[in-house]
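K.L.:
mind folding the following:
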Amino acid sequence: MRCVIARFPFDLTKSGVLETMKGVRPEPVTGESVIIGRRHYPVKQVGQLITGQDRRDFSAGEVLRAMAQLGFTCRTAAAPVEAPPAVGSPYQRASALLGSAMSV
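P.N.:
Numbers count the residues shown, from 1 in each chain. From the prediction side, this is the model:
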């Protein structure tokens, strides 16, 4: 498959990517990742190895698109976890804060 990464065209195949990544130890994943085989690789590490370019030359999105089109499973960065919503009505929360029991 022909794709453009950092303004350069590349002819990538799934088997070629698998061969390139064979024996490569994955770095710790802190953001977007690609699952190749049974390993999770950071997108920038994969992009650097398959293109031979510096990681600063391409975006993670370019590599994610190319890997998804080749059929690899891609994961985006995890969204920050929000606090769970408060339980109960405003009266129940106020009652709990004041320490008195309230029957509803």
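
K.L.:
what is the neighbour count of F10?
P.N.:
Applying the criterion other CB atoms under 10 Å, we find 16 residues in the vicinity of F10. C-beta coordinates here come from the backbone N, C-alpha and C atoms, glycine included.

K.L.:
revised request: answer the last question for L18.
P.N.:
Using other CB under 10 Å, L18 is surrounded by 13 other residues.

K.L.:
skipping adjacent residues, who's closest to it in space?
P.N.:
Nearest residue to L18, sequence neighbours excluded (CB to CB, 6 or more residues apart in numbering): I36, at 6.6 Å.

K.L.:
show me the strands in the chain, by range?
P.N.:
For the chain, the strands defined by DSSP state E occupy 2-5, 8-11, 33-36, 39-42, 73-75.

K.L.:
single out the most deeply packed of the ones you listed.
P.N.:
Most buried of the strands of the chain by mean neighbour count (mean count of other CB atoms under 10 Å) is strand 33-36; its value is a mean of 21.

K.L.:
listing partners with orientation, what would you give for that one?
P.N.:
strand 39-42 (antiparallel), strand 73-75 (antiparallel) (DSSP bridges).

K.L.:
got the contact list for the closest residue to M1 other than its chain neighbours?
P.N.:
Among residues not flanking M1 along the chain, L12 sits closest, at 5.6 Å (CB to CB, 6+ apart). When contacts are counted by CB atoms under 8 Å, 6 or more residues apart in numbering, L12 touches 1-3, 50, 66, 70.

K.L.:
quick one: mean pLDDT over the longest helix along the chain.
P.N.:
Determined from DSSP state H, the single longest helix within the chain is helix 60-70. Averaged over helix 60-70, pLDDT sits at 93.

K.L.:
mind listing what I5 touches?
P.N.:
With contact taken as CB under 8 Å, 6+ apart, I5 is in contact with 47, 51, 53, 58, 62-63, 66.
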